[in-house]
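Participant: 3D model of this:
(chains A and B)
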Amino acid sequence: KQEVTQIPAALSVPEGENLVLNCSFTDSAIYNLQWFRQDPGKGLTSLLLIQSSQREQTSGRLNASLDKSSGRSTLYIAASQPGDSATYLCAVSIIQGAQKLVFGQGTRLTINP
Amino acid sequence: ETGVTQTPRHLVMGMTNKKSLKCEQHLGHNAMYWYKQSAKKPLELMFVYSLEERVENNSVPSRFSPECPNSSHLFLHLHTLQPEDSALYLCASSKTGTGNSGANVLTFGAGSRLTVL
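Facilitator: Model (predicted):
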């Protein structure tokens, strides 16, 4: 059974710092890995999707990497801003086609002005 | 507004009530999903409808009944729920496919916050 773990559960850093969020999964047989952010009381917003054949994806200040063989992904946030404060969720897709995603519990990130 | 609309946003119901959650998307997606988000637990996939085929999580109790009349609408019918069913129910949609065409990126609605008394 696929399990996804995110460390740390919570992180608080000063504005302007670069930071890394970690995600690990137990079964390397995945089709893709996605990172989402969730603001309090709201739905999820997709940030990045990495296909199983890819090593990384970048969008603005965000960079996500994938090492499928070791079952790890990282989300790097450069020059953090207070608006980046949210819960960040990692999810892996275990079937092709319709996305049967297995989620981690998330990392709650707080950026202090 | 993400393009996936969920109603109602908040619902309080008794254990003997029957209610339904509704989800609508006009993004041209061909797969729709129900996820459950409980406090201190990871998001849990309940049901997937893809090209009119239903894929379900076998651990979902029968008191939750999905309906997908077409590719744009998804319902979750609720009956004789338990207090532990109180949670945020999230609907999502995606376009199935391969490669970097934007396929498989899930778009979520804002959720329906359900409280069972």
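Participant: next, the buried residues of stretch B:78-86.
Facilitator: Residues B:78, B:81, B:85, B:86 are the ones in stretch B:78-86 that count as buried (16 or more other C-beta atoms under 10 Å in any protein chain shown). In this view, the C-beta of every residue, glycine as well, is placed from N, C-alpha and C.
Participant: not counting its neighbours along the chain, what's nearest the first one?
Facilitator: Excluding its sequence neighbours, the residue lying closest to residue B:78 (C-beta to C-beta, 6 or more residues apart in numbering or on different chains) is residue B:19, at 5.0 Å.
Participant: my guess is that neighbour contacts residue B:13. True?
Facilitator: Yes: here residue B:19 reaches residue B:13: they are 5.3 Å apart, a contact under C-beta atoms under 8 Å.
Participant: hey, what's in contact with both of the two?
Facilitator: residue B:78 (C-beta atoms under 8 Å, 6 or more residues apart in numbering or on different chains).
Participant: please tell me how far the residue nearest to residue B:117 when sequence neighbours are not counted sits from chain A.
Facilitator: Nearest residue to residue B:117, sequence neighbours excluded (C-beta to C-beta, 6+ apart): residue B:14, at 5.4 Å. Distance of residue B:14 to chain A, given as C-beta to the nearest C-beta, to the nearest Å: 24 Å.
Participant: make sure residue B:14 is actually in contact with residue B:85.
Facilitator: No: the pair residue B:14 / residue B:85 is not scored as a contact, 11.9 Å apart, by C-beta under 8 Å.
Participant: quick check: neighbours shared by those two?
Facilitator: Common contact partners of residue B:14 and residue B:85 (C-beta under 8 Å, 6+ apart): residue B:116.
Participant: what's the spacing between residue B:116 and residue B:13?
Facilitator: Separation of residue B:116 from residue B:13 (C-beta to C-beta, to the nearest Å): 6 Å.
Participant: need the strands for the chain, in chain order.
Facilitator: Picked chain A for this. Per DSSP state E, chain A carries strands over the ranges A:4-7, A:10-14, A:19-25, A:32-38, A:44-51, A:56-59, A:62-67, A:72-77, A:86-93, A:101-103, A:107-112.
Participant: not quite, I wanted chain B
Facilitator: According to DSSP E, the strands that chain B contains are B:4-7, B:10-13, B:18-25, B:31-37, B:44-50, B:53-56, B:64-70, B:73-79, B:87-94, B:107-108, B:112-116.
Participant: and those, which one averages the lowest pLDDT?
Facilitator: Among these, strand B:53-56 carries the lowest mean pLDDT, at a mean of 75.
Participant: mind listing the strands that one pairs with, and their directions?
Facilitator: strand B:44-50 (antiparallel) (DSSP bridges).
Participant: got a list of what the spatially most central residue of chain B touches?
Facilitator: When chain B is reduced to its mean C-alpha position, the nearest residue by C-alpha atoms, centre = their mean turns out to be residue B:34, at 2.4 Å. Shown in contact with residue B:34 (C-beta under 8 Å, 6+ apart): B:23, B:45, B:46, B:47, B:66, B:74, B:76, B:89, B:90, B:91.
Participant: what's the farthest-apart pair in the residues you listed?
Facilitator: B:23 and B:45 (14.4 Å; C-beta to C-beta).
Participant: neighbour count: these two, which is higher?
Facilitator: residue B:23 (25 against 22; other C-beta atoms under 10 Å in any protein chain shown).
Participant: which non-adjacent residue is nearest that one?
Facilitator: Nearest non-adjacent residue to residue B:23, counting by C-beta to C-beta, 6+ apart: residue B:91, 3.4 Å away.
Participant: report the separation between the one you found and residue A:13.
Facilitator: Distance from residue B:91 to residue A:13, by C-beta to C-beta: 33 Å.
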